[in-house]
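Undergrad: Give me coordinates for this.
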Amino acid sequence: MSVELPLWRALAGYRVLTMVYAILLFAFTPDDFERPWVAFAFLTVLAIWTLATLPQVSNATRCTKRFLGVDLTIALTGILITPLADVDAPHVDGPTLPSIWTAGSVLAFAIKGGWRWAGFASSLVAVANIVERAEPSRDTFHNVLLVWVASIAIGYVVEVARASERTLARALEIEAVTRERERLARDIHDGVLQVLAMVQRRGTALGGEAAELGRMAGEQEIALRTLVSRGLVPVTRPGAAEARGSGGATAAGGAATAEYVLGGEDYDESAHECDVRSLLARYAGPQVTLSEPGAPVQLPALAAAELTAAVGAALDNVRRHAGADANAWILVEDWTDEVIVTVRDDGPGIPEGRLAQAEGEGRLGVAQSIRGRLRDLGGTAELLSVPGQGTEVELKVPRQR
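TA: Reported below is the predicted structural model:
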């Protein structure tokens, strides 16, 4: 909801209440007017105008410049014809015919155009009040100054609120774009970059023409990692659903993506739940031991898919950095408020500072494929590694309540 909407609603209510107040002032003191028919005619026009223009005082779009001009003209006219209805009005500090309804007209200028418009409208009202009083008193100047200062202050606050709203909208847009870039970076890392890295390794091992293909694949991998790390991956659909399609890889051949886990079904991701155990079962093998609870571990489909993909990325790191002979263990824990999956290996561990160096080189396996996924789910990914004693990755996903 726009920050201005409550102000427009409050103004509409203010105009109706002050219209009733002006009518009651006349109704309770009709004998004070030498020409009551003038007051009656003006207040009738005022009541019809106020009630008929309630839709206009609902938002900035409907409150046009023409409406503001007519509204202010009615207020000024009411002030200036007050002596016609009450001959003694210029000599006493009594209310004008529109009374405090006039302030609503000035406030409409303030909300619509900010403090400059408010200053313009309140200045005209001030002049009209001074002209209406044959002998302006200190109270007259006090009231004029009060309306002038209050309207300008409200107009300034409205401008600040609008600027803050625009800044917030821009920040949310940037956040959405950033999250989509991170998602694309994860997908690229789990798919294209893994394949290029594999082609490079296999080509180097085979030699001959395959070695040249491996070299070219390695060059493309470096170029693509640079684009990903600099945020140059194109973004076409911020906030789009992340888990559609098919394809993927096993623990032996790369990390499974969210598309592979969901299998391309067309269902409501927020309502559908998946058993995390069945999704992680594909990673179990001779060198990967899976330990899980006896009961199903249910999570929303998208959360389960992203958690499984993060586990796949962790296992792929084991395969790539700990060697083909390394063993890994997956432990699934089902708690009341969260699901915890721990991936541990018996590899050589990660040297200190290696993760920061890898991220700087555009290797975002831990930063995006693991931590980025868990962060988007409101969870955490903690990595503990001791050189020579293996690595442990703890993934926590909160349950949605």
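Undergrad: Please count neighbours and contacts with C-alpha atoms only from this point.
TA: Will do.
Undergrad: which regions of the protein lie under the pLDDT threshold?
TA: Applying pLDDT under 70 to the chain flags residues 1-3, 89-93, 134-137, 139-140, 178, 180-195, 197, 220-271, 353-368, 401.
Undergrad: Where do the strands of it begin and end?
TA: 273-275, 288-291, 298-300, 328-334, 338-345, 380-385, 391-398 (DSSP state E).
Undergrad: possible to save those strands as CSV with mean neighbour count and distance to residue 116?
TA: Output for these, formatted as CSV (neighbours: other CA atoms under 10 Å; distance: least, CA to CA, whole Å):
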stretch, mean neighbour count, distance to residue 116
strand 273-275, 17, 56
strand 288-291, 18, 69
strand 298-300, 19, 52
strand 328-334, 19, 61
strand 338-345, 21, 54
strand 380-385, 16, 50
strand 391-398, 21, 50
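Undergrad: would a markdown table of these with distance to residue 118 be doable?
TA: Formatted as a markdown table, the strands of the chain follow (distance: least, CA to CA, whole Å):
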| stretch | distance to residue 118 |
| --- | --- |
| strand 273-275 | 55 |
| strand 288-291 | 70 |
| strand 298-300 | 52 |
| strand 328-334 | 61 |
| strand 338-345 | 54 |
| strand 380-385 | 50 |
| strand 391-398 | 50 |
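Undergrad: Out of those, which gets nearest to residue 108?
TA: Smallest distance to residue 108 across the strands of the chain (CA to CA): 47.3 Å, for strand 391-398.
Undergrad: Each with direction, which strands does that closest one pair with?
TA: Its sheet considered, strand 391-398 pairs with strand 338-345 (antiparallel), strand 380-385 (antiparallel) by DSSP bridges.
Undergrad: So what touches the shortest one?
TA: Spelled out, it's strand 380-385. Under the contact criterion CA atoms under 8 Å, 6 or more residues apart in numbering, strand 380-385 has outside partners 349-350, 370-371, 374-375, 391-397.
Undergrad: again, but for stretch 198-210
TA: For stretch 198-210, using CA under 8 Å, 6+ apart, the contacting residues are 211, 212, 213, 214, 215, 216, 217, 218.
Undergrad: Flag every buried residue along it.
TA: 198, 199, 200, 201, 203, 204, 210 (16 or more other CA atoms under 10 Å).
Undergrad: Distance to residue 107 added to those, as a markdown table?
TA: Listed next are those as a markdown table, based on distance: CA to CA, whole Å:
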| residue | distance to residue 107 |
| --- | --- |
| 198 | 68 |
| 199 | 69 |
| 200 | 70 |
| 201 | 72 |
| 203 | 74 |
| 204 | 76 |
| 210 | 77 |
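Undergrad: Among those residues, which one lies nearest to residue 307?
TA: Residue 307 has its nearest neighbour among the buried residues of stretch 198-210 in residue 198, at 23.8 Å by CA to CA.
Undergrad: Against residue 320, how distant is the closest one?
TA: 10 Å (CA to CA, to the nearest Å).
Undergrad: Could you pull out the residues contacting both of these two?
TA: Joint contacts of residue 198 and residue 320 (CA under 8 Å, 6+ apart) do not exist.
Undergrad: number of nearby residues for residue 55?
TA: Counted with other CA atoms under 10 Å, the neighbours of residue 55 add up to 12.
Undergrad: shouldn't it be in contact with residue 67?
TA: No: at 11.2 Å, residue 55 does not count as touching residue 67 under the criterion of CA atoms under 8 Å.
Undergrad: before we move on, back to that, for residue 166, which of the strands of the chain is the nearest?
TA: Nearest to residue 166, of the strands of the chain and by CA to CA, is strand 380-385 at 31.0 Å.
Undergrad: pretty sure residue 281 contacts residue 290?
TA: Yes: here residue 281 reaches residue 290: they are 7.3 Å apart, a contact under CA under 8 Å.
Undergrad: Please enumerate the helices of the protein.
TA: With DSSP state H as the criterion, the chain has helices at 5-28, 36-52, 65-80, 82-85, 101-113, 115-132, 138-188, 194-206, 209-229, 258-262, 276-280, 301-317, 354-360, 373-376.
Undergrad: helices or strands next to the longest one in the packing?
TA: Helix 138-188 makes packing contacts with helix 101-113, helix 115-132 when contacts are defined by 3 or more CA pairs under 8 Å, 6 or more residues apart in numbering; DSSP states H and E.
Undergrad: Mind putting those into TSV with distance to residue 325?
TA: Listed next are the helices and strands packed on helix 138-188 as TSV, based on distance: least, CA to CA, whole Å:
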stretch	distance to residue 325
helix 101-113	70
helix 115-132	72
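Undergrad: returning to what we had before: closest one to residue 88 among the strands of the chain?
TA: Closest of the strands of the chain to residue 88 is strand 391-398, at 74.4 Å (criterion: CA to CA).
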